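**Q** Requesting a structural model of the entry that follows:
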Amino acid sequence: MLAPAFQPAMPITSLSSKERELVTATVAFANLQPIETNRQVEDLFCLAEADRIGEDFSLYRAELQPVLRRWLRQVISGNGGRAQTSLEIAHLMPSSIVASPVFVADRLSYAFRLPSVEAGCILALALILDEDRGLTGRLQQCTLSWCGRFNVDFDAQSRPRKYCSPNHRMLAHYEQSPERMRQWRKAA
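**A** The predicted structure is shown next:
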């Protein structure tokens, strides 16, 4: 039997600056602790004044952020989680997102106007899940037990980083060290 042909890792397709900003804003929203005002979240997404919901609601903190964090964890969990998230956001994709084609430097992209933070989060998840963009495997969650922050490693040429900072990588290594020693002793 012949060995399967080597298939290089899927390259990261470059995103337009607006798409990258949207994914970055969505991950920042998922990591935002504590959310003190709705304006704090709306500023991440650069919503027009007419699209802001005001300061009287706790919509972002109580409803949207927990759902967003669940979706991001599902995407990280593997193909089953990605399929579930894809189904959920496909039904929620708002038709009120206005997109205009922009052709600059031999590259077609779209400038879009978001009607809400929720629409921005759904569009960003669609960008992450789009297999042609190569971002799905670049989404990670810090594995330090008390952190759990999400990150997207846009520019990595190798494996995406698992930790949100070098300090958290070191702390997680020390945190997981006793368990690794137990496993090593058990195997020996």
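
**Q** Quick check: which ranges of the chain have low pLDDT?
**A** 1-14, 54-57, 156-161, 177-178, 180-181, 188 (pLDDT under 70).

**Q** ok, and for the helix or strand containing His173, which residues are buried?
**A** Applying DSSP states H and E as the criterion places His173 in helix 166-187. Buried residues in helix 166-187, defined by neighbour count with 16 or more other C-beta atoms under 10 Å: 168, 171-172. Placement of C-beta: from N, CA and C, glycine included.

**Q** Can you show me the helices along this protein?
**A** Taking DSSP state H as the test, the helices found in the chain are 17-31, 38-44, 59, 65-77, 79-92, 117-129, 166-187.

**Q** out of everything not next to it in sequence, what's closest to the spatially most central residue of the chain?
**A** The centroid of the chain falls nearest to Val27 when counting by C-alpha atoms, centre = their mean (4.9 Å). Take Val27 and drop its neighbours on the chain: the residue closest to it by C-beta to C-beta, 6 or more residues apart in numbering is Phe150, 5.1 Å away.

**Q** So what's the residue count around that neighbour?
**A** 21 (other C-beta atoms under 10 Å).

**Q** and it, what are its bridge partners?
**A** Gln141 (DSSP bridges).

**Q** what residues are up against it?
**A** When contacts are counted by C-beta atoms under 8 Å, 6 or more residues apart in numbering, Phe150 touches 27, 30-31, 69, 72, 139-142.
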